[in-house]
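Turn this into a structure:
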Amino acid sequence: MVATGSNEGEAGTQWAALAGVTAALAMFGAAQGLSSPLFTLLMQKQGMSPALIGLSAAMMPLGLILSASFVPAAVRLVGARNLAVGCSLIGALCFLGIGYLQDWVAWFVIRFIIGVVINPLYILGEVWALSLAPPSRRGRVMGVFNTLMGAGYAAGPFALTLLGTSGWAPFMVGVAGFALCAVILHAVSSKLTGFEDDDQPASGLVGFAKVAPALLLAVLVSAAVQQ
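Model prediction:
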């Protein structure tokens with residue numbers, strides 16, 4: 001009976017942590033979903049050309065690309081929890097910077113930084129969700145996880161229809177999204193790990209491409225269409 005109670009308590013803790021990680025990533029998704037249309041509308045107001053707007057939009061994916069290979073090393077260096085919470089807080093500061101620096105040149109740099117700091121959130125969020133989900137329900141859990149992430153992304157642009165692009169209100173949505181993400185992750189991720197104990201050598205992009213070329217191509221096409 002004690003063992004059963006212990007197992008049930010551990011399972012309940014796992015489900016609570018999974019719910020927390022999902023909620024945190026939904027908050028992050030809302031902030032990230034807000035950023036792309038907000039930047040575009042603000043730059044249009046300032047009379048920027050479509051070419052400059054497009055280059056600005058490319059800064060975030062560029063940050064994702066250049067930072068991806070460093071995420072495992074960063075997790076080993078500072079720990080998964082510290083990295084995720086720290087990146088969330090930096091994301092909140094980036095939105096404060098966007099609102100304060102009404103300058104498209106500065107926005108290029110800030111959008112690049114946003115790309116760098118959201119990468120660990122993407123990666124660790126999925127790693128944690130997969131590790132917390134019971135094997136028998138993993139597909140269903142990941143479906144719910146991605147659905148709520150998508151709802152977060154949809155909430156960001158929807159907020160613009162209510163708040164508009166003037167003043168601090170839209171920027172505070174981004175600040176609040178990242179700040180809530182940091183608070184929730186700090187609360188639920190104390191016992192979660194990332195790649196700290198992974199001693200397997202990384203095979204790199206080329207090595208992985210040989211194993212799953214169709215998967216990488218599908219991800220590439222999906223990302224290109226989305227962006």
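
make it CA atoms for all contacts and neighbour counts henceforth
Fine.

Give me the mean pLDDT for the helix or strand harbouring residue 29.
Per DSSP states H and E: residue 29 is located in helix 2-45. For helix 2-45, mean pLDDT is 74.

Packing partners of that helix?
Helix 2-45 sits against helix 50-68, helix 104-132, helix 138-163, helix 169-188, with contacts defined as 3 or more Cα pairs under 8 Å, 6 or more residues apart in numbering; DSSP states H and E.

Show me what the mean pLDDT comes to for the helix or strand just after the first one.
Put plainly, it is helix 50-68. As assigned by DSSP H and E, the chain's next helix or strand after helix 50-68 is helix 71-78. Mean pLDDT, computed over helix 71-78, is 88.

How about stretch 214-226?
For stretch 214-226, mean pLDDT is 70.

looking at the helices and strands packed on helix 2-45, which is buried most?
helix 169-188 (a mean of 22; mean count of other Cα atoms under 10 Å).

which outside residues touch it?
With contacts defined as Cα atoms under 8 Å, 6 or more residues apart in numbering, helix 169-188 is touched by 16-17, 20-21, 23-25, 27-32, 34-35, 38, 81, 84-86, 88-89, 91-93, 95-96, 98-99, 156, 159-160, 163-164.

ChimeraX command to pick out the buried ones of those residues?
This is the ChimeraX syntax for the buried subset of these, where burial follows 16 or more other Cα atoms under 10 Å:
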select :17,20,21,23,24,25,27,28,29,30,31,32,34,35,38,81,84,85,86,88,89,91,92,93,95,96,98,99,156,159,160
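
could you dump the helices and strands packed on helix 2-45 to TSV with mean pLDDT and distance to residue 224?
Formatted as TSV, those follow (pLDDT from 0 to 100; distance: least, Cα to Cα, whole Å):
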stretch	mean pLDDT	distance to residue 224
helix 50-68	87	10
helix 104-132	87	15
helix 138-163	84	17
helix 169-188	87	24
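
Switch those helices over to JSON lines; also include distance to residue 220.
Output for the helices and strands packed on helix 2-45, formatted as JSON lines (distance: least, Cα to Cα, whole Å):
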{"stretch": "helix 50-68", "distance to residue 220": "12"}
{"stretch": "helix 104-132", "distance to residue 220": "16"}
{"stretch": "helix 138-163", "distance to residue 220": "18"}
{"stretch": "helix 169-188", "distance to residue 220": "26"}
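
Which of those helices sits closest to residue 213?
helix 50-68 (17.9 Å; Cα to Cα).

For the closest one, which outside residues touch it?
Contacts with helix 50-68, where a contact means Cα under 8 Å, 6+ apart, come from 36, 40, 43-44, 107-109, 111-116, 118-119.

and those, which two are the farthest apart?
Farthest pair in the contacts of helix 50-68 (Cα to Cα) is 44 and 119. Separation: 27.4 Å.

Fine by me, thanks again.
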